[in-house]
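**Student:** model this:
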Amino acid sequence: MHSLAMLLQDNQPNPEMLQHLMVAMAAIIPIIMVLAIAIFMVPCWFICKKAGFSPWLSLLCIIPSLGTLVLLYVLAFADWKVGPVPMAAYPPPYPPQPPYPPQA
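**Tutor:** Alright, predicted model coming up:
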């Protein structure tokens, strides 16, 4: 944070400090990208599986913006192979009871 504060001041930044800052950013940005891809890929995996598609379609999320957009369009406009089971309005009737023998 100190390096960033020094960078935002009016005076000219130190070239060595800029180099250290760029190296740090080059190490942190890929980690952030992998975490962001994983955050999108895991829910897409489960959605594809529940919708009846191959869960491997969620690998489209590896392409950061275009892949996720393509996956969303595939899921939105394709016919899903799995649908919700319609619930009966009333429970099924019980089978009729046989008549009891007369009590003596």
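**Student:** So Tyr100, which state does it fall into?
**Tutor:** When classified by DSSP: H, G, I helix; E, B strand; the rest coil, Tyr100 comes out as coil.
**Student:** and it, how many neighbours?
**Tutor:** Residues lying near Tyr100 (other CB atoms under 10 Å) number 6. For the C-beta atoms, the positions are set from N, CA and C on the backbone; glycine is no exception.
**Student:** From Tyr94, how far off is it?
**Tutor:** Distance from Tyr100 to Tyr94, counting by CB to CB, to the nearest Å: 16 Å.
**Student:** How about Ala78?
**Tutor:** Distance check for Ala78 against Tyr94: by CB to CB, it reads 42 Å.
**Student:** out of the two, which sits in the more crowded spot?
**Tutor:** Ala78 (11 against 6).
**Student:** Report the contact partners of the residue nearest the centre of the chain.
**Tutor:** For the chain, the residue whose C-alpha lies nearest the mean C-alpha position (CA atoms, centre = their mean) is Pro43; its distance is 2.7 Å. For Pro43, no contacting residues are found, by CB atoms under 8 Å, 6 or more residues apart in numbering.
**Student:** For it, give me phi and psi.
**Tutor:** For Pro43, the backbone dihedrals (degrees, to the nearest 10) come out as phi -60, psi -40.
**Student:** where does this protein have low pLDDT?
**Tutor:** In the predicted model of the chain, residues 1-4, 6-11, 13, 83-93, 98, 102-104 satisfy pLDDT under 70.
**Student:** what ranges do the helices span in it?
**Tutor:** 2-7, 15-51, 66-77 (DSSP state H).
**Student:** Redo the ones you listed as JSON lines? Include distance to Leu59.
**Tutor:** Formatted as JSON lines, the helices of the chain follow (distance: least, CB to CB, whole Å):
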{"stretch": "helix 2-7", "distance to Leu59": "35"}
{"stretch": "helix 15-51", "distance to Leu59": "7"}
{"stretch": "helix 66-77", "distance to Leu59": "8"}
